[in-house]
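Novice: predicted coordinates and the sequence they were generated for:
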Amino acid sequence: MSRSHPAPGPLANATFSHLFQLCAQAGRAALSAGRAAHARMVVSGFVPTAFVSNCLLQMYARCADAAHARRVFDAMPYRDTVSWNTMLTAYSHAGDIDTAQALFDAMPDPDVVSWNALVSSNCQCGMFRESVGLFLEMARRGVTPDRTTLAVLLKACSGMENLALGVQIHALAVKTGLEADVRSGSALVDMYGKCGNLEGALCFFYGMPERNWVSWGAAIAGCVQNERYTRGLELFMEMQRLGLGVSQPAYASVFRSCAAMSCLSTARQLHAHAIKNKFNSDRVVGTAIVDVYAKANSLVDARRAFFSLPNHSVETCNAMMVGLVRSGLGVDAMELFQFMTRSGIGFDAVSLSGVFSACAEVKGYIQGLQVHCIATKSGFDVDVCVKNAILDLYGKCKALAEAYLIFQEMEQRDSVSWNAIIAALEQNECYEDTITHFNEMLRSGMEPDDFTYGSVLKACASLQSLKYGLMVHDKVIKSGLGLDAFVASTVVDMYCKCGMITEAQKLHDKVGRQELVSWNAIISGFSLSKQSEEAQKFFSEMLETGLKPDHFTYATVLDTCANLATIELGKQIHGQIIKQEMLGDEYISSTLVDMYAKCGNMPDSLLMFEKAQKRDFVSWNAMICGYALHGQGLEALQMFERMQKENVMPNHATFVAVLRACSHVGLLDDGCRYFHLMTTRYKLDPQLEHFACMVDILGRLKGPQEALKFISSMPFEADAVIWKTLLSICKIRQDVEVAELAAGNVLRLDPDDSSVYILLSNVYAESGKWVDVSRTRRLMRQGHLKKEPGCSWIEVQSEMHGFLVGDKVHPRSRELYEMLNDLIGEMKLSGYEPDSSSFAEVDEEGTAYEQNDLLRTVGG
């Protein structure tokens, strides 16, 4: 039985054309159906008309690609203007400008649609100047523009941000009568907004005779682009009150407004509004929703919105990735990137920049190398934003050689590139190179921003280079950033670390009183310059302003409590830390351990140590140092052994504490073993402090001569501290000869050190050489040197009481001296025999005979 074929004629003509049109409207999903219809037409023997051929051509152009459409085009026996324009549009949409241009040049009679297709293809590829040039050529050939031409031209003006050209196009729209057209009018609103003339955009918008959702979307987008976020939200609300419905661009813009203002509550209301209007599953709107939650640090909502989307695009994943990186979840961001690559979603330059930031966040150098390979293979490594992200990654992973190589290879450098290399150098303690590259940046004509100045000022602070710091501060003022809170706070920190506390306070009072960073810098500056009481006063002043301290503030003030042994204030701050749930912070917990140890409360120090969620080497060092300082040498060594068992890497400070503990306990063999362990197992080169500890150990247990031999074997010259350590040992062993040698070396290194004369006179006194004691004191007087008076303090009922030797300023000094006399009387009755050497350092002006008189007086 034979099949009947549709008879040629109007019915078949209408059937095939209608089928091809339906497939074209459906897009790629209807390609199979379109091909089947095409095959049926060929088999049937039907000879298509020009209209049917154009419908077939359009079907392939929309459902397949330009190559398939071209084969149909080339096989067409007759081509009209519609055929040429369909093919031209297909190449334009594919971004194949060269082929589109060649086809256009071959056209027998291009019309305005042909010109629009070519102008549009250039504009879509970012070739805005070329689009304008084609329009001028079109005008020279006498082709009258239509509303599509004007819309594309205005888009090109927006891309170039060329307001002057946009105004001329506006004038052409008025002249041609297209200004009143809603499509042209919407394009004009969009152009004015994107060119930074929001008032012009809104003025034209409200003057439009007809406004549709595109016009409203353009006006709202203009507000967002010009950072008038509240105005954009108001326009959206006005749009809803007028009952004009909603649109994808309008939703996307208002969500961006909420993201910029971190307005979470409004974003949630708008999200509910989008769900009600069934826009929450839209890819663009869904991406904007994910983005606003991510930027508002509401990751729970961001994840929920992300996973509720039916399909994930590159843009949606990018929004989620940026949110994860901002929240410090670098590992999660890296897993998301893996999902993008494995699921076929793909990635772009923004994705790569995000995953590089994630690798930098977790210091994932190996993962960063792998992503770098992906960027190179995909060709995205030439993108300047990706290059900057790679540079930042290597800098933060301390791979300075790789970072510098990337920077040198960059053909195009923007301010972010310079900031990244300058920050990398500063973070890797190459402070002089930081300043050198800052100067190079200036010579290249690039203007520094607040981030640049932040890194350079930190380098000046680390170098304690007031000269460079003043020069950079001068540049900051000239650039107009002198009143910027972040930069001013960094300048304050620089002055503090350069010892210019007064200047720092002046700048702080002028600019930084509302900035916590500035307060922290001043408090830290006082602490570093050993002015702990001033630091605590400044902390109290900060609290009075209503500012809330952060981790750094509390840690710095706890450090001052440790220096002053003000344990009551330390306990109060400890209470605030518990209240604000900061105990989990590693830095805070280690500082609390150190504070209690230095205040002599080892039980509480140990309690804090044991309760710490995570212990770094600072906590271990604080415990070992605390035990060593309080004469609990065995406990210090036990803590060190425990530290090793838990695989915590000791550093130089750890071994200083361990060696001091060995000295206190008198463990010569253990001290030598630990000294050897430092160099062999842990590859730590001994520093002067370690040699000073070894001199003390050897001197106490084997005598000054052995200590002197050790000093002679050192790989570098001994400093004043080592010689003074030896001098102190000579007092115990009464070795005058070595004492004189040690004193001579100290005076050679530091002629103004008065403590040497005191130590040497003590050695003479121990040996009964009172004439030499007198001579030493006389030399001290002749050199106009005075011993720094002894100082002590005690905290009673939250009040600090300080005392100097011979002090009579204290309001209760009379009672204190009466108590002292009573104690001396009790000492006499108990048969106390005073140590003669202790009186040798009481009175710097006294002679040996006066010392004897004093001894007789006290001894009864």
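Specialist: Noted; the coordinates are in hand. Residues are numbered from 1 along each chain as shown.
Novice: how about the contacts made by residue 66?
Specialist: Residue 66 makes contact with 87, 90, 91, 93, 94, 96, 99 under the criterion C-beta atoms under 8 Å, 6 or more residues apart in numbering. Yep, even glycine has a C-beta here, placed from its N, CA and C like the rest.
Novice: can you pick out the most distant pair from the residues you listed?
Specialist: Greatest spatial distance among those (C-beta to C-beta): 93 and 99, at 12.0 Å.
Novice: generate a PyMOL selection restricted to the buried subset of the contacts of residue 66.
Specialist: Provided next is the PyMOL selection string for whichever of the contacts of residue 66 are buried by 16 or more other C-beta atoms under 10 Å:
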select buried, resi 87+90+91+93+94+96+99
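Novice: make a markdown table from the contacts of residue 66 and add pLDDT and distance to residue 397 to it.
Specialist: Shown next, in a markdown table, are the contacts of residue 66 (pLDDT from 0 to 100; distance: C-beta to C-beta, whole Å):
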| residue | pLDDT | distance to residue 397 |
| --- | --- | --- |
| 87 | 86 | 52 |
| 90 | 84 | 47 |
| 91 | 81 | 45 |
| 93 | 79 | 43 |
| 94 | 78 | 41 |
| 96 | 82 | 41 |
| 99 | 85 | 45 |
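Novice: confirm residue 792 sits in a strand?
Specialist: Yes: checked against DSSP: H, G, I helix; E, B strand; the rest coil, residue 792 lies within a strand.
Novice: identify the bridge partners of it.
Specialist: Note on residue 792: beta-bridge partners by DSSP bridges are residue 803.
Novice: relative to residue 43, how far out is it?
Specialist: 110 Å (C-beta to C-beta, to the nearest Å).
Novice: and for residue 192?
Specialist: Separation of residue 192 from residue 43 (C-beta to C-beta): 56 Å.
Novice: which stretches of the stretch 651-800 of the chain have low pLDDT?
Specialist: Residues of the stretch 651-800 of the chain meeting the criterion pLDDT under 70: 782-790, 797-798.
Novice: kindly apply the preceding question to the chain instead.
Specialist: In the chain, residues with pLDDT under 70: 1-14, 512-513, 782-790, 797-798, 833-860.
Novice: now the strands for it?
Specialist: Counting by DSSP state E, the chain has strands at residues 791-796, 799-804.
Novice: and of those, who's closest to residue 731?
Specialist: Closest among those, using C-beta to C-beta: strand 791-796, at 21.9 Å.
Novice: dump the residue contacts of the spatially closest residue to residue 735 that is not a sequence neighbour.
Specialist: What sits nearest to residue 735 in space, not counting adjacent residues and going by C-beta to C-beta, 6 or more residues apart in numbering, is residue 704, at 4.4 Å. Going by C-beta under 8 Å, 6+ apart, residue 704 touches 726, 729, 730, 733, 735, 738, 739.
Novice: can you put those residues in CSV and add neighbour count and distance to residue 113?
Specialist: Converted to CSV, the contacts of residue 704 look like this (neighbours: other C-beta atoms under 10 Å; distance: C-beta to C-beta, whole Å):
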residue, neighbour count, distance to residue 113
726, 28, 97
729, 25, 100
730, 28, 103
733, 18, 106
735, 24, 107
738, 20, 104
739, 25, 104
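Novice: between those residues, which is nearest residue 830?
Specialist: For those, the nearest to residue 830 is residue 733 (29.0 Å; C-beta to C-beta).
Novice: the closest one reaches residue 703, doesn't it?
Specialist: Yes: Residue 733 is within contact range of residue 703, at 5.7 Å (criterion: C-beta atoms under 8 Å).
Novice: re earlier: of the contacts of residue 704, which pair is most distant in space?
Specialist: Between any two of the contacts of residue 704 (C-beta to C-beta), the greatest distance is 10.3 Å, for 726 and 733.
Novice: which neighbours do these two have in common?
Specialist: Overlap of the contact sets of residue 726 and residue 733 (by C-beta under 8 Å, 6+ apart) consists of 699, 704.
Novice: tally of neighbours for the closest residue to residue 381 other than its chain neighbours?
Specialist: Spatial nearest neighbour of residue 381, excluding adjacent residues (C-beta to C-beta, 6+ apart): residue 375 at 4.3 Å. The number of residues packed near residue 375 is 24, by other C-beta atoms under 10 Å.
Novice: same question, residue 43
Specialist: Close neighbours of residue 43, defined as other C-beta under 10 Å, add up to 10.
Novice: from residue 443, how far out is it?
Specialist: Using C-beta to C-beta, we find residue 43 at a distance of 74 Å from residue 443.
Novice: same thing with residue 289?
Specialist: Plainly put, residue 289 is 46 Å away from residue 443 if you go by C-beta to C-beta.
Novice: what segments of the stretch 51-200 of the chain are helices?
Specialist: Remark: helices assigned in the stretch 51-200 of the chain by DSSP state H, counting those that start in this stretch are 66-75, 81-94, 97-106, 112-124, 128-140, 147-160, 163-176, 182-194, 198-207.
Novice: got it, and the stretch 651-800 of the chain?
Specialist: With DSSP H, counting those that start in this stretch as the criterion, the stretch 651-800 of the chain has helices at 652-665, 668-680, 688-702, 704-712, 720-733, 736-749, 754-766, 770-782.
Novice: to the chain's geometric centre, what's the distance from the first one?
Specialist: This means helix 652-665. 37 Å (C-alpha atoms, centre = their mean, to the nearest Å).
Novice: tell me which residues in it are buried?
Specialist: Buried, per 16+ other C-beta under 10 Å, within helix 652-665: 653-665.
Novice: what packs against it?
Specialist: helix 617-629, helix 633-645, helix 668-680, helix 688-702 (3 or more C-beta pairs under 8 Å, 6 or more residues apart in numbering; DSSP states H and E).
Novice: could I get the CA-only coordinates of that helix as PDB?
Specialist: Extracted in PDB, the C-alpha atoms of helix 652-665 (Å, rounded to 0.1, in the frame of the first residue of the first chain):
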ATOM      1  CA  HIS A 652      63.600  30.100  69.300                       C
ATOM      2  CA  ALA A 653      61.500  31.600  72.200                       C
ATOM      3  CA  THR A 654      60.600  28.000  73.400                       C
ATOM      4  CA  PHE A 655      64.300  27.100  73.700                       C
ATOM      5  CA  VAL A 656      65.200  30.300  75.500                       C
ATOM      6  CA  ALA A 657      62.600  29.300  78.100                       C
ATOM      7  CA  VAL A 658      63.800  25.700  78.300                       C
ATOM      8  CA  LEU A 659      67.400  26.700  78.700                       C
ATOM      9  CA  ARG A 660      66.500  29.200  81.400                       C
ATOM     10  CA  ALA A 661      64.600  26.400  83.200                       C
ATOM     11  CA  CYS A 662      67.700  24.200  83.000                       C
ATOM     12  CA  SER A 663      69.700  27.100  84.500                       C
ATOM     13  CA  HIS A 664      67.200  27.500  87.400                       C
ATOM     14  CA  VAL A 665      67.200  23.800  88.200                       C
END
